[in-house]
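1. Pasting the sequence and the predicted coordinates here, then a few questions.
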Amino acid sequence: MVRFKNRWLLVELIPVGSGTPAPIEGKHIWGAIKQSVISNFGDTGWGSVGLSLTVKYYSPTTNICIIRVARDHHKIAWGSVTLLTSIEGTRYIPNVLHLSGDPLSSLMDHLCSDAPSKIGTIKHAQLAAIEHNREIVARHRAQAKTPVAYQDSFETYLESSTIEISALRD
């Protein structure tokens, strides 16, 4: 039996500019990555990642997404995500937070704490996404200066996003 090896990119899309960005979905992110691969790596680049590239999760609240790509060509996908400038006409700065499924590069995590972590499978990408969601919500709460015991809509968001992220399957 053949098993497909994948890499999982956890990416934060930081909107540039003032105002509220237009709402986007996973299909818009996929289309923008496709255009980035074609313009930066050509048809050969798209041919290598096109069949395996999927946006498995996107949260418009925290602007993070989980992207699956085949192990052999994950660097092309990572490069095209990094070179991404806009999605649906809105400018974004992509920040790769985590690369999962690459155990040999875990040494980089120990040497440089600023580098994206690179260990594990989809489970590690899920845990990193849940942790990042909690960090973002904590930042929002700190900016709003809400008391610790205050119940807000972020609590239900964290519960629902944790369930949704945990339900992702390869």
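-> Looks like it came in fine.

2. Following the chain onward from the lowest-mean-pLDDT helix or strand in the chain, which element is next?
-> Sorting the helices and strands of the chain by mean pLDDT, DSSP states H and E puts helix 106-111 at the bottom, at a mean of 44. Per DSSP states H and E, the first helix or strand lying C-terminal to helix 106-111 is helix 122-144.

3. I'd like the distance from that following helix to the chain centre, please.
-> Relative to its chain's centre, helix 122-144 lies at 12 Å (C-alpha atoms, centre = their mean, to the nearest Å).

4. tell me the mean pLDDT over it?
-> Throughout helix 122-144, pLDDT has a mean value of 82.

5. name the helices or strands packed onto it?
-> If contacts are counted by 3 or more C-beta pairs under 8 Å, 6 or more residues apart in numbering; DSSP states H and E, helix 122-144 sits against strand 6-15, strand 64-70, strand 90-100, helix 153-166. Just so you know, the C-beta spots here come from the backbone N, C-alpha and C atoms, and that holds for glycine as well.

6. Comparing these, which comes out most buried?
-> strand 64-70 (a mean of 23; mean count of other C-beta atoms under 10 Å).

7. List the pairing partners of that strand within its sheet, with orientation.
-> strand 6-15 (antiparallel), strand 54-59 (antiparallel) (DSSP bridges).
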